[in-house]
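Colleague: dropping the sequence and predicted coords here.
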Amino acid sequence: MKTKEEIVRDWLPRYTGTPLEEFGQYILLTNFRNYVDMFAEQFGTTVKGTDKPMQTATANNITIINFGMGSAVAATVMDLLSAINPQAVLFLGKCGGLKKTKVGDLILPIAAIRGEGTSDDYMPPEIPALPSFRLQQSVSYVIKKKELDYWTGTIYTTNRRVWEHDEKFKEYLRDIRTMGIDMETATIFIVGFANGIPHGALLLVSDNPMTPDGVKTSKSDVTVTQKYVATHLQIGIESLQELANSGDSVKHLIFE
């Protein structure tokens, strides 16, 4: 029988087209190929895995990975990353804003609600989905250094992609008072915790799905990309650089 270590060491290169020794020790996760392309262009490096499920680019000990969309693949990439034991993994995701947020706002979550189901295969439901404090601290520092603002609070993670028509579900979201909704954050937090990988997230509000006019469209997504994605990515890069340059360990501050 294969061990988990043997499986992930074989599968991480298989899914990404990137040899284990070429991964940086600091990881950016994204759902979108254009983040990887922008990273590669900024650092003059190449995109690998263009014929694979996940694309990567690496520079300055940072590797960015486009892992796709949804809680199942979020769990998969966090399992696969246990093959390299990264120093930190930061998820740069997009989310729907549920309260006072507007498109283009940043949310630095302090916790996520496990509504996706996937994380139940890793930890009992009473275990909270929390980020690593030191990593979120780095992100907060970089945002404020750029004289920008951010929201904080909880994120609801669901495995439903199409729910904007469901008024009962929307009423539930109002009742639990979460700041945003996505499909990956809680899974990344829990599977990161299960694998002993320091983890965090910075989310970009891409739509306001609680109102009919706020639901994401192809046209509105293009606008979000043009206006806000470059800043979102740059904050992620500088946050990992700040963490690496500080020499601080993230793991001793992780919730355990």
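Modeller: Looks like it came in fine.
Colleague: which residues in the protein form strands?
Modeller: 26-30, 55-59, 62-66, 88-97, 106-115, 151-158, 180-182, 199-207 (DSSP state E).
Colleague: how about stretch 48-68: buried residues?
Modeller: Buried residues in stretch 48-68, counted by 16 or more other CB atoms under 10 Å: 48-49, 54-59, 62-68. All C-beta spots, glycine's among them, are computed from the backbone N, C-alpha and C.
Colleague: which residues does that stretch contact?
Modeller: Stretch 48-68 has contacts (CB atoms under 8 Å, 6 or more residues apart in numbering) with 14-18, 22-33, 35-37, 39-40, 42-47, 73-74, 76-77, 237, 240-241, 244.
Colleague: make a ChimeraX selection of whichever of these turn out to be buried.
Modeller: Listed next is the ChimeraX selection for buried residues among the contacts of stretch 48-68, using 16+ other CB under 10 Å:
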select :15,16,17,18,23,24,26,27,28,29,30,31,32,35,36,39,40,45,47,73,74,76,77,237,240,241,244
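Colleague: tell me how far the closest residue to residue 200 other than its chain neighbours lies from residue 115.
Modeller: Once flanking residues are discounted, residue 200 sits nearest to residue 135: 3.6 Å by CB to CB, 6 or more residues apart in numbering. Going from residue 135 to residue 115 by CB to CB, to the nearest Å gives 23 Å.
Colleague: more neighbours: which of the two?
Modeller: Counted by other CB atoms under 10 Å, residue 135 and residue 115 do not tie: residue 135 has more neighbours, with 26 against 21.
Colleague: I'd say that one and residue 88 touch.
Modeller: Yes - if you go by CB atoms under 8 Å, residue 135 and residue 88 touch, sitting 5.3 Å apart.
Colleague: where do the contact lists of these two overlap?
Modeller: Common neighbours of residue 135 and residue 88 (CB under 8 Å, 6+ apart) are 198, 199, 200, 243, 250.
Colleague: all the helices of the stretch 1-150 of the chain, residue numbers only.
Modeller: Secondary structure of the stretch 1-150 of the chain (DSSP state H, counting those that start in this stretch): helices located at 4-16, 33-43, 71-80, 133-145.
Colleague: out of these, nearest to residue 166?
Modeller: Of all the helices of the stretch 1-150 of the chain, it is helix 71-80 that lies closest to residue 166, at 18.2 Å by CB to CB.
Colleague: where in the stretch 101-250 of the chain is pLDDT low?
Modeller: Along the stretch 101-250 of the chain, segments meeting pLDDT under 70 span 214, 216, 247-250.
Colleague: recalculate using a threshold of 90.
Modeller: 161, 164, 209-225, 245-250 (pLDDT under 90).
Colleague: how about residue 173, what does it touch?
Modeller: Residue 173 neighbours (CB under 8 Å, 6+ apart): 98, 156, 181, 210.
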